[in-house]
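Asker: here you go, sequence then predicted model.
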Amino acid sequence: MFLHPAPSAVVLAAVALLSAPAAAGPLASSKRGLVFTPNASHPQDNYIWTRKPSDLTWYYNYQGSPSPVFNNLSQAAFEFVPMIWGAPADVSDTTFLTTVTSLIKDKGINISSVLTFNEPDGLAEWGSSDIQPSVAAQVWVNQIIPLQALNVRVGLPACTGGYSGVPWLQQFLGNCSKLISSASETKNCTYDFITLHWYGNFEGLASHIGTYAAAFPNKTMWITEYNFDNQDLATSQSFYNTSAEYLDRLDYVERYSLFGAFRSDVSNVGPNGAMLSAGGQLTDIGAWYLGRQGTGVSPQSTSTGKSSGTLAYAPRVGTMLTGALFVTALLSF
C-alpha cells in the first residue's frame, strides 16, 4: 500500500477556506470525463453516461481504440482519448502508434490528446503497468514523439498516488532526454499536461496536486482517476462535492474523471463511491457527476429502474492501486 503525501500547511489553509459542500452537487462542468469500464453482462448500463442530460465531454478506456458503444457519437460530441496502458513486450512494437495514426489519417477522427502509461511506478502484482523508466523512455521515443509530430497533445504517465511517482517521472524524463540527445546537443522529451491518480481524502488530493504543480510547473493537469474509497455515504458524498468544486475552481486543472462508473455491488472503491446503485440506477454522486439533480437512490438499492446487471472486476488490493486492478481485469476480459 502506498502512503499518502502529507498535506502541506498551505494546502490545509486553502482547504479551510472552502465552503461546506452543498446538499446538491457542484455546478455543471465541461471538465468532467468518463473512465469507461464496460458492462459486458448488461450492456444497457454502458449507455447511461451519454444519455442526455450529461455533462461528460470526453472519455478514455485504457486502450488505443474507441469503444464501439460510442460509435454513434462524433469526436466533437464525446471526445475519445487513446491511452498506451503499458510497455509492449518488444519495445520496438509500435502498435499503439499505428492504431492512433490510423484513427487520424484513415478514419478521419480528430485525436487531439493521448494518455500514457497507467501507474508505471506500481508493481504488476498490484495491477499497475510496472515499467522501468528507461523502458518507458524508449517506448515514448518510438511511439509518442511521432504522435507529437502529428500535433497530438500528450500527457505525462499517470503514476500512483504514492511517493514513488515524482522520482519515477524525473528518472523517465532523464532517460528520455539521453535517448534523443547527442554529444553536441542536449534535447528534452516534452509533454503537454500532467496526469494524476488519487485514492484518499480531499486534503490528500489537494496536497498531491500541489506536489505535482511544484515538481512540474507551468503545465495543466488531468486527474484521470480519483475517489475516496471505502467510506460511509456521507463521507463519500462530501468528498465528491468538495473535490469537484475544487477541481472546477483550479484553472490549471484541464480535465478530471471520477473512478466510479459502475455498480455499487461490484465496486472496488466501496459501494458508496460508485455512481450506480446495485440495481443499476444513478446514485446521487452519479447524477451530480452528469450535471443532474440528485436521485436520492441508495447505493445499496437493488431496484432495477431502467437498467440492471453486474460488472466484472478485480478485488481491491491497496488504497492507491484501486483503479489499476480494475483495469487489469478489463484488459484481460
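Answerer: Happy to help now that I have it.
Asker: which residues in the protein form helices?
Answerer: Under the criterion DSSP state H, the chain carries helices at the ranges 9-17, 95-105, 133-139, 145-148, 165-180, 202-215, 233-249, 284-289, 322-331.
Asker: just name the most buried of the ones you listed.
Answerer: Counting by mean count of other C-beta atoms under 10 Å, helix 284-289 has the highest mean neighbour count of those, with a mean of 25. Every C-beta, even on glycine, is put in place using the N, C-alpha and C of the backbone.
Asker: identify the residue nearest residue 232 in space, chain neighbours excluded?
Answerer: residue 272 (6.4 Å; C-beta to C-beta, 6 or more residues apart in numbering).
Asker: what's the answer for residue 88, then?
Answerer: residue 95 (6.6 Å).
Asker: confirm for me that the one you found is in contact with residue 86.
Answerer: No - using C-beta atoms under 8 Å, residue 95 makes no contact with residue 86, being 11.9 Å away.
Asker: any regions of this structure where pLDDT drops low?
Answerer: Scanning the chain for pLDDT under 70 picks out the ranges 1-26, 306-333.
Asker: quick one: the strands in it?
Answerer: 33-35, 58-60, 79-80, 83-84, 113-116, 153-154, 193-199, 220-227, 253-256 (DSSP state E).
Asker: can you tell me what sits against the first one?
Answerer: The one in question is strand 33-35. 49, 56-60, 81, 224-225, 255-259, 261, 323 (C-beta atoms under 8 Å, 6 or more residues apart in numbering).
Asker: what are the pairing partners of it, and which direction each?
Answerer: With DSSP bridges as the test, strand 33-35 is paired with strand 58-60 (parallel).
Asker: same check, this time on the longest one
Answerer: Note on strand 220-227: by DSSP bridges, its sheet partners are strand 193-199 (parallel), strand 253-256 (parallel).
Asker: need the winner for burial among those strands.
Answerer: Of the strands paired with strand 220-227, strand 193-199 is the most buried (mean count of other C-beta under 10 Å), at a mean of 24.
Asker: kindly format the C-alpha coordinates of that strand as PDB.
Answerer: Output in PDB follows, covering the C-alpha atoms of strand 193-199 (Å, rounded to 0.1, in the frame of the first residue of the first chain):
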ATOM      1  CA  PHE A 193       0.000  18.100 -19.400                       C
ATOM      2  CA  ILE A 194       0.400  16.300 -16.200                       C
ATOM      3  CA  THR A 195      -1.700  13.200 -15.400                       C
ATOM      4  CA  LEU A 196      -2.600  12.300 -11.800                       C
ATOM      5  CA  HIS A 197      -4.300   9.500  -9.800                       C
ATOM      6  CA  TRP A 198      -5.500   9.700  -6.300                       C
ATOM      7  CA  TYR A 199      -7.400   7.500  -3.800                       C
END
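Asker: and the angle from it to helix 165-180?
Answerer: Angle, strand 193-199 to helix 165-180, by axes from the mean of the first three to the mean of the last three C-alpha atoms, to 10 degrees: 150 degrees.
Asker: can you say which of the strands paired with strand 220-227 is nearest to residue 290?
Answerer: strand 253-256 (13.9 Å; C-beta to C-beta).
Asker: what does the closest one rub up against?
Answerer: By C-beta under 8 Å, 6+ apart, strand 253-256 touches 31-33, 58, 193, 209, 220-224, 226, 244, 247.
Asker: kindly recompute the last result at 7 Å.
Answerer: With C-beta atoms under 7 Å, 6 or more residues apart in numbering as the test, strand 253-256 has contacts from 31, 32, 33, 58, 193, 220, 221, 222, 223, 226, 247.
Asker: same check, this time on stretch 229-240
Answerer: The contact list for stretch 229-240, computed with C-beta under 7 Å, 6+ apart, reads 21, 199, 201-202, 228, 269-270, 272-273, 284-285, 288, 299, 319, 322.
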